[in-house]
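In: Okay, structure incoming, though there's no sequence with it:
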């Protein structure tokens, strides 16, 4: 739950949904639910394991999380 009046709490998930729509689902708007579900599952795995993030020192989210803990 985010704090009242603080939009920065939603920033990470809003960024992910923006990437999801722009990069992964742009060709799937007229597809079946199963195809979209499969593409979303692929996007989550790809985003977390292969896509480098500049704000995470050019590491993937999984690599960055493993480096901290």
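Out: Great, that's in hand. What you are looking at is a predicted structure, and each value in this text was computed from that prediction instead of being measured.
In: Now do stretch 44-58: everything it contacts.
Out: 16, 19, 20, 24, 59, 60, 61, 62, 63, 64 (CB atoms under 8 Å, 6 or more residues apart in numbering). (Glycine included, C-beta is placed from N, CA and C.)
In: Just put the residues you listed in a markdown table and tack on neighbour count, secondary structure and distance to residue 8.
Out: As requested, the contacts of stretch 44-58 are exported to a markdown table (neighbours: other CB atoms under 10 Å; DSSP: H, G, I helix; E, B strand; the rest coil; distance: CB to CB, whole Å):
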| residue | neighbour count | secondary structure | distance to residue 8 |
| --- | --- | --- | --- |
| 16 | 15 | helix | 15 |
| 19 | 14 | helix | 18 |
| 20 | 16 | helix | 20 |
| 24 | 17 | helix | 24 |
| 59 | 15 | strand | 22 |
| 60 | 17 | coil | 23 |
| 61 | 16 | helix | 18 |
| 62 | 13 | helix | 23 |
| 63 | 16 | helix | 24 |
| 64 | 16 | helix | 19 |
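In: Could I get these in JSON lines, plus columns for pLDDT and distance to residue 30?
Out: As requested, the contacts of stretch 44-58 are exported to JSON lines (pLDDT from 0 to 100; distance: CB to CB, whole Å):
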{"residue": "16", "pLDDT": "88", "distance to residue 30": "23"}
{"residue": "19", "pLDDT": "91", "distance to residue 30": "21"}
{"residue": "20", "pLDDT": "92", "distance to residue 30": "17"}
{"residue": "24", "pLDDT": "91", "distance to residue 30": "15"}
{"residue": "59", "pLDDT": "93", "distance to residue 30": "35"}
{"residue": "60", "pLDDT": "93", "distance to residue 30": "31"}
{"residue": "61", "pLDDT": "90", "distance to residue 30": "30"}
{"residue": "62", "pLDDT": "94", "distance to residue 30": "32"}
{"residue": "63", "pLDDT": "94", "distance to residue 30": "35"}
{"residue": "64", "pLDDT": "93", "distance to residue 30": "36"}
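In: Can I get these in CSV including distance to residue 49?
Out: Listed next are the contacts of stretch 44-58 as CSV, based on distance: CB to CB, whole Å:
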residue, distance to residue 49
16, 14
19, 14
20, 15
24, 14
59, 11
60, 6
61, 8
62, 5
63, 9
64, 12
